[in-house]
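Colleague: this one's structure only:
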């Protein structure tokens with residue numbers, strides 16, 4: 001932790017090598033977070049890069065070096081929100097012009113399981129992603145940070161700039177909605 005804080009402090013002073021180390025440490029987590037909030041790996045990669053560009057530009061305004069990870073997540077979430085809003089506007093315009101456009105299917109997982117297990121796993125992954133992406137934005141963000149990024153409630157609240165109780169409430173509603181959407185996959189597991 002102390003080393004990360006030193007890297008942030010050096011980066012704030014303009015040390016590009018220190019920021020490159022921060023990039024290497026945080027790139028995969030930010031990419032994963034963004035990928036779960038937007039459609040497609042290319043978009044996630046672009047928004048991840050943009051998050052780091054913005055972080056570099058706004059780094060002098062960061063008051064507490066140890067808050068860098070949460071601050072960076074907030075930048076990434078805000079970029080994903082902006083992208084989602086642009087996509088919604090573009091889809092609305094496109095829907096007026098052309099009907100029937102579908103999103104591409106996500107890639108199948110490539111693990112060592114047999115074909116049937118791979119198909120079932122791919123179906124579950126596809127259903128879970130679709131269920132998560134179908135949630136309203138404010139529930140999707142909380143659920144992604146909590147379930148996918150495995151952040152504790154306090155860090156989710158910090159990353160989104162929300163009170164803890166708001167996060168708990170949204171998480172509860174998101175969980176209920178996800179359970180309902182994925183009921184056919186988890187029926188036998190509930191006890």
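Modeller: Nice, I can see it. From a predicted model like this one, the values you see are computed outputs, not experimental measurements.
Colleague: quick one, phi/psi of residue 38?
Modeller: Here the main-chain torsion angles of residue 38 (degrees, to the nearest 10) amount to phi -130, psi 180.
Colleague: ok, it touching residue 46?
Modeller: No - using C-beta atoms under 8 Å, residue 38 is not in contact with residue 46; the gap is 9.2 Å. No exception for glycine: its C-beta is placed from N, CA and C like everyone else's.
Colleague: the more surrounded of those two?
Modeller: Between residue 38 and residue 46, counting by other C-beta atoms under 10 Å, residue 38 is the more crowded of the two (20 against 15).
Colleague: still on that earlier bit, joint contacts of residue 38 and residue 46?
Modeller: Residues touching both residue 38 and residue 46 (C-beta atoms under 8 Å, 6 or more residues apart in numbering): none.
Colleague: so where's the chain uncertain?
Modeller: 1, 91-122, 186-191 (pLDDT under 70).
Colleague: quick one: contacts for the residue sitting nearest the centre point of it?
Modeller: Nearest to the geometric centre of the chain sits residue 33, at 2.6 Å (C-alpha atoms, centre = their mean). Residue 33 sits next to 73, 76, 77, 80, 144, 145, 148, 149 when contact means C-beta under 8 Å, 6+ apart.
Colleague: in CSV: those residues, plus secondary structure.
Modeller: Shown next, in CSV, are the contacts of residue 33 (DSSP: H, G, I helix; E, B strand; the rest coil):
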residue, secondary structure
73, helix
76, helix
77, helix
80, helix
144, helix
145, helix
148, helix
149, coil
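Colleague: I'd like those residues as TSV, with distance to residue 176 appended.
Modeller: Shown next, in TSV, are the contacts of residue 33 (distance: C-beta to C-beta, whole Å):
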residue	distance to residue 176
73	25
76	26
77	22
80	23
144	16
145	17
148	18
149	20
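Colleague: which of these lies closest to residue 158?
Modeller: Checking these against residue 158 by C-beta to C-beta gives residue 73 as the nearest, at 8.4 Å.
Colleague: quick check: that closest one touching residue 31?
Modeller: No - under the criterion of C-beta under 8 Å, residue 73 makes no contact with residue 31, lying 11.8 Å away.
Colleague: quick revisit: now list the buried members of the contacts of residue 33.
Modeller: With burial judged by 16 or more other C-beta atoms under 10 Å, the buried subset of these is 73, 76, 77, 80, 144, 145, 148, 149.
Colleague: find the nearest non-adjacent residue to the last one, please.
Modeller: In space, residue 149 comes closest to residue 33 once its chain neighbours are excluded; the distance is 5.4 Å by C-beta to C-beta, 6 or more residues apart in numbering.
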